[in-house]
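[1] Would you be able to build a 3D model of this:
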Amino acid sequence: MSDARANEKKELLYKALDGFKELQPEDKDAIWHLVETTGMPIYDDYLSILCIAAMKTREIRNLDERVCAMLSGFEGKIDSKVAELKTLLDQLNSNIAESVDAQVQLSVGNKLNQVADEFGSKLTEGFAAADKRHAATSEARDKAIVAKSFGLAVGVMSTASALIVIGGLIWGEVRSKWLSTT
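    Here you go, the predicted structure:
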């Protein structure tokens with residue numbers, strides 16, 4: 001495609017996409033890249049599917065970034081809790097070695113239980129976030145399969161229509177030759 005034709009097609013696409021207010025600029029760029037690389041025509045039905053795909057892709061990318069940020073913060077919390085736990089264990093060992101009274105040992109033990117509970121809840125939050133990410137990825141994969149199926153159906157219908165037209169042309173030629181010989 002020539003640069004002038006490509007620019008004209010890009011302008012038409014961006015004007016058509018202006019009707020979709022929920023699209024971000026990066027969504028429009030992603031749709032243009034797909035149209036440009038595949039040579040896909042710009043039809044309203046295709047645009048709706050492309051807009052949904054672009055928005056879902058952005059949502060997944062944002063969710064992925066949030067999960068990664070949460071997990072990186074989560075790692076820091078684990079490190080600090082492990083350090084706190086080690087300090088408390090050292091304190092408990094020191095208290096036992098010095099034979100302090102049972103009340104001090106009990107308060108250190110309670111603190112250890114509290115740290116262990118917090119650590120367990122943070123692990124549970126991390127696993128829940130990973131489950132959400134997996135669910136979002138599965139949903140996006142399912143929608144991509146539906147979009148591919150739609151594209152395949154359109155392709156099959158276009159091919160069938162072309163074969164019918166070509167068959168009609170061939171039949172017309174054969175019939176005219178047959179009529180001219182009789």
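
[2] which residue is nearest the middle of the chain?
    By C-alpha atoms, centre = their mean, the chain has its centre lying nearest to residue 60, at 3.0 Å.

[3] so where does that one fall, helix or strand?
    helix 44-97 (DSSP states H and E).

[4] thinking again about what came up before, now do the same contact list for the residue nearest to the centre of the chain.
    136, 137, 140 (C-beta atoms under 8 Å, 6 or more residues apart in numbering). For every residue, glycine as well, the C-beta is placed using N, CA and C.

[5] quick check, distance from the helix or strand hosting residue 16 to the centre of its chain.
    Using DSSP H and E, residue 16 maps to helix 3-17. On the basis of C-alpha atoms, centre = their mean, to the nearest Å, helix 3-17 sits 26 Å off its chain's mean C-alpha point.

[6] Would you tell me what the next helix or strand after it is?
    Downstream of helix 3-17 (by DSSP H and E), the next one is helix 25-38.

[7] Could you list the single helix or strand in this protein with the lowest mean pLDDT?
    Ranking every helix and strand in the chain by mean pLDDT, DSSP states H and E puts helix 44-97 at the bottom, with a mean of 70.

[8] What is the helix or strand just after that helix packed up against?
    As assigned by DSSP H and E, the chain's next helix or strand after helix 44-97 is helix 102-181. When contacts are defined as 3 or more C-beta pairs under 8 Å, 6 or more residues apart in numbering; DSSP states H and E, helix 102-181 packs onto helix 44-97.

[9] what sits against residue 130?
    Counted by C-beta under 8 Å, 6+ apart, residue 130 has contacts residue 67.

[10] re earlier: please indicate which of the contacts of residue 60 are buried?
    136, 140 (16 or more other C-beta atoms under 10 Å).

[11] Can you tell me which of the contacts of residue 60 is nearest residue 35?
    Residue 35 lies nearest to residue 140 out of the contacts of residue 60, by C-beta to C-beta, at 20.0 Å.

[12] you'd agree that closest one is up against residue 56?
    Yes - taking C-beta atoms under 8 Å as the definition, residue 140 is a contact partner of residue 56 at 5.3 Å.

[13] Give me the mean pLDDT for stretch 12-28.
    Averaged over stretch 12-28, pLDDT sits at 79.

[14] ugh, wrong one, stretch 138-151
    Average pLDDT, stretch 138-151: 71.

[15] Give me the residues contacting that stretch.
    Contact with stretch 138-151 is made by 49, 52, 53, 56, 57, 60, as judged by C-beta under 8 Å, 6+ apart.

[16] Out of those, who's the most crowded?
    Taking other C-beta atoms under 10 Å as the neighbour criterion, residue 53 ranks highest of the contacts of stretch 138-151 with 19 neighbours.
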